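Peer 1: Got a predicted structure plus its sequence, pasted below:
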Amino acid sequence: MNILSLSGFIPEQICDTVRFTGYSGNISISHYCQYASDYISQVLYDNSVDGAVFPKSCDSTRIIKSYLGETDKFVYQLPVPARIDEYAIDYFANQIKSYKQAIEAHYGFEITDIADRIETINRRNKELKMLYENLEMISYYDYLQGIHKMLTKPLMEQSTPQVKEKKSDGKRVFLIGSFLTSENVLNVIENSGFKVVGDNLPESGRLANRKPCEIAGDIYINIAKNILSSRLSPTQNNFSEIIKDDINEIKSKKAQGVIFLTQKYCEAYDYLYSVYEKKLNSEGIKSIKISLTNSEGSKKFELALEAFADMI
């Protein structure tokens, strides 16, 4: 099977999926969240993909299923609670269990290795944490590209990216945003005189800082709690907590500025930035918002980033 997944809310503990990292083929939707639009297009047009699993966590992801309604591929939408308490965790655990049952019914096999997968994920995330804490000594572009390649492999074949040392005296910045499908923008950032020292991206800072998932007890409750209690997404409606955690890390990493990366028409991150900017200003921290128009857009931001470098 080759299931294309979208979002860190999809439990890797259940079965292998191929993580969506960007698409440059036929595009079927415009004037829509570009991240979700590119994902839909890949599911529809990439014949190597035989399934899709995605969350119901924001306005854009809620209607993905309607666009995929006529495909004969496996399509599953996982509802995600917008709050975090014992009732939300119990609800999400049941949704994860239903997802597992749907996989088994569609593909005709029984999933029996969840505990082994949890141990592997815990070990992988610990290794990623060590790499994340060493960002000052490596190329951030190589680091994130390595993570993207890792996430397209089956879990048991994944290994921590091997990244060469690359010291830099560039201006220290912190990245904020959704899954960064546009890797090329990182080259622009580094070539504009910046050094990325931290982030809250789903595939990097949030993944590296996720606490180990427990195995003993109700395994579905453990998975649900692990996912929902990790570094928060703006789709979970807790902007103040997200900003507090990020500001603390920005200060601890001595970042001189923040680069906020968002996909075109991504409402959740647009709302977050409007709140975020005010807090950053009160802390005396400069910021710039870069809105990516598709999975490969980056060229037009060079001048804006060069000007931002001069500001800080």
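Peer 2: The structure has been received and is ready for your questions.
Peer 1: Would you mind measuring from the most centrally placed residue in the chain to Lys164?
Peer 2: Most central residue of the chain, judged by C-alpha distance to the mean C-alpha position with Cα atoms, centre = their mean, is Pro202 at 2.7 Å. According to Cβ to Cβ, to the nearest Å, Pro202 stands 25 Å off from Lys164. In this view, the C-beta of every residue, glycine as well, is placed from N, C-alpha and C.
Peer 1: cool, Phe260 as well?
Peer 2: 28 Å.
Peer 1: and what of Glu267?
Peer 2: Relative to Lys164, Glu267 is positioned 38 Å away (Cβ to Cβ).
Peer 1: Comparing those two, which residue is more hemmed in?
Peer 2: Ranked by neighbour count (other Cβ atoms under 10 Å), Glu267 and Lys164 place Glu267 first, with 14 against 9.
Peer 1: returning to what we had before: the residue nearest to the centre of the chain and Phe9 touch, don't they?
Peer 2: No: in this structure Pro202 lies outside contact range of Phe9 using Cβ atoms under 8 Å: 9.2 Å.
Peer 1: Quickly list what's touching both of these two.
Peer 2: Residues touching both Pro202 and Phe9 (Cβ atoms under 8 Å, 6 or more residues apart in numbering) are Ser233.
Peer 1: Would you mind listing where the stretch 201-312 of the chain has pLDDT under the threshold?
Peer 2: For the stretch 201-312 of the chain, applying pLDDT under 70 flags the ranges 294-300.
Peer 1: Please, where are all the helices along it?
Peer 2: Assigned by DSSP state H, counting those that start in this stretch, the helices in the stretch 201-312 of the chain fall at 205-208, 219-228, 239-252, 267-282, 302-311.
Peer 1: same check, this time on the stretch 1-150 of the chain
Peer 2: 34-45, 59-62, 64-67, 86-107, 114-132, 140-151.
Peer 1: quick one, what contacts Gly193?
Peer 2: Contacts for Gly193 (Cβ under 8 Å, 6+ apart) come out as 170-171, 306, 309.
Peer 1: For it, which non-adjacent residue is spatially closest?
Peer 2: Ala309 (4.5 Å; Cβ to Cβ, 6 or more residues apart in numbering).
Peer 1: what's the answer for Asn209, then?
Peer 2: Arg231 (5.4 Å).
Peer 1: Give me the neighbour count for that neighbour.
Peer 2: Arg231, neighbours per other Cβ under 10 Å, totals 20.
Peer 1: hang on, isn't it packed against Arg206?
Peer 2: Yes: between Arg231 and Arg206 there is a contact at 3.9 Å, judged by Cβ under 8 Å.
Peer 1: any shared contact partners between these two?
Peer 2: Between them, Arg231 and Arg206 share these contacting residues under Cβ under 8 Å, 6+ apart: Asn200.
Peer 1: Could you check the pLDDT of Ile10?
Peer 2: As predicted, Ile10 sits at a pLDDT of 97.
Peer 1: what residues are up against it?
Peer 2: Counted by Cβ under 8 Å, 6+ apart, Ile10 has contacts 17, 53-55, 78.
Peer 1: Can you tell me which of those residues is closest to Lys254?
Peer 2: Among the contacts of Ile10, Pro55 lies closest to Lys254 (Cβ to Cβ), at 34.3 Å.
Peer 1: what pairs with that closest one across the strands?
Peer 2: Leu78 (DSSP bridges).
Peer 1: ok, Val188 to Ile290 distance?
Peer 2: Taking Cβ to Cβ, one finds Val188 at 9 Å from Ile290.
Peer 1: what do those two both touch?
Peer 2: Shared contacts of Val188 and Ile290 (Cβ under 8 Å, 6+ apart): 301, 305.
Peer 1: how about the residue nearest to the centre of the chain, phi and psi?
Peer 2: Main-chain dihedrals, Pro202, degrees, to the nearest 10: phi -60, psi -30.
Peer 1: Cool, thanks, signing off.
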